[in-house]
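Novice: Coordinates only, no sequence provided:
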């Protein structure tokens, strides 16, 4: 029987990065936000960026994204009340830091021109109700899909270019118990890294359903 070989620092960091990537994409399968709260500090420690991670948490609090219930507290104000947990939307906030830190491996990167087109188009494009098929036709597949592939559940599409520009987040909604149709509908688009309530662009359906939009 061969003796166990302790993992090297590089192996530990690579393992944790893989787990972070999986957990951000399928947060619900990992147990929800608590899994991100465990994995992110662990990877930050392994990478030697604990101070940066702590500063990010403080920034979330200052920007209104962090409450006693974590990021979920803010997401509960943003998306409809439902028995379905919008873990994908929660993960989108964590993803903003993970992408800047170089932890995430996107499926696709937008060119700077594609990113600029998407950012410029979103505020007016969401003036009409849109479905996930409309998003694909206009902007193509996401850089990262958060949530599963079941069209009866919520999803978040993240679009990314270089790590120095914020993620663009499209929050798509469906409810297994009271479906809105055969595919998710877009409720709100937002630019990452902004204070809660800023750079939120609601579709008409989003204005009907999202608590923050109703209060605006």
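Specialist: Yep, that arrived. Keep in mind that this is a model prediction, so the values were computed, not measured.
Novice: in the chain, which spans are helices?
Specialist: Secondary structure of the chain by DSSP state H: the helices cover 9-25, 33-47, 50-62, 71-78, 87-100, 112-125, 132-139, 204-209, 211-215.
Novice: tell me the centre residue of this protein?
Specialist: residue 92 (1.4 Å; CA atoms, centre = their mean).
Novice: on that earlier part again, and among the helices of the chain, the most buried is which?
Specialist: helix 87-100 (a mean of 25; mean count of other CB atoms under 10 Å). For every residue, glycine as well, the C-beta is placed using N, CA and C.
Novice: what's next to that helix, contact-wise?
Specialist: Contact with helix 87-100 is made by 20, 23-25, 27-28, 32-33, 36, 40, 53, 56, 60, 65, 70-72, 74-75, 78-79, 104, 106, 144, 146-147, 154-156, 158, 160, 163-164, 166-167, 169, 171, 192-193, as judged by CB atoms under 8 Å, 6 or more residues apart in numbering.
Novice: now with 7 Å?
Specialist: Outside of helix 87-100, the residues within contact range by CB atoms under 7 Å, 6 or more residues apart in numbering are 20, 24, 27-28, 32-33, 36, 40, 56, 60, 65, 71-72, 75, 78-79, 104, 144, 146-147, 154-156, 158, 160, 163, 166-167, 169, 171, 192-193.
Novice: try stretch 184-195
Specialist: For stretch 184-195, the external contacting residues (CB under 7 Å, 6+ apart) are 63-64, 78-79, 96, 122, 126, 129-132, 135, 151, 154-155, 166-174, 199-203, 205-206, 209-210.
Novice: in that stretch, what counts as buried?
Specialist: Neighbour counts over stretch 184-195 (16 or more other CB atoms under 10 Å) mark 184-193 as buried.
Novice: Pipe those into JSON lines and attach pLDDT and distance to residue 85 per row.
Specialist: Formatted as JSON lines, those follow (pLDDT from 0 to 100; distance: CB to CB, whole Å):
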{"residue": "184", "pLDDT": "94", "distance to residue 85": "15"}
{"residue": "185", "pLDDT": "96", "distance to residue 85": "18"}
{"residue": "186", "pLDDT": "97", "distance to residue 85": "19"}
{"residue": "187", "pLDDT": "95", "distance to residue 85": "15"}
{"residue": "188", "pLDDT": "95", "distance to residue 85": "17"}
{"residue": "189", "pLDDT": "96", "distance to residue 85": "21"}
{"residue": "190", "pLDDT": "96", "distance to residue 85": "19"}
{"residue": "191", "pLDDT": "96", "distance to residue 85": "24"}
{"residue": "192", "pLDDT": "96", "distance to residue 85": "21"}
{"residue": "193", "pLDDT": "93", "distance to residue 85": "24"}
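Novice: Since that was my last question, I'll sign off now.
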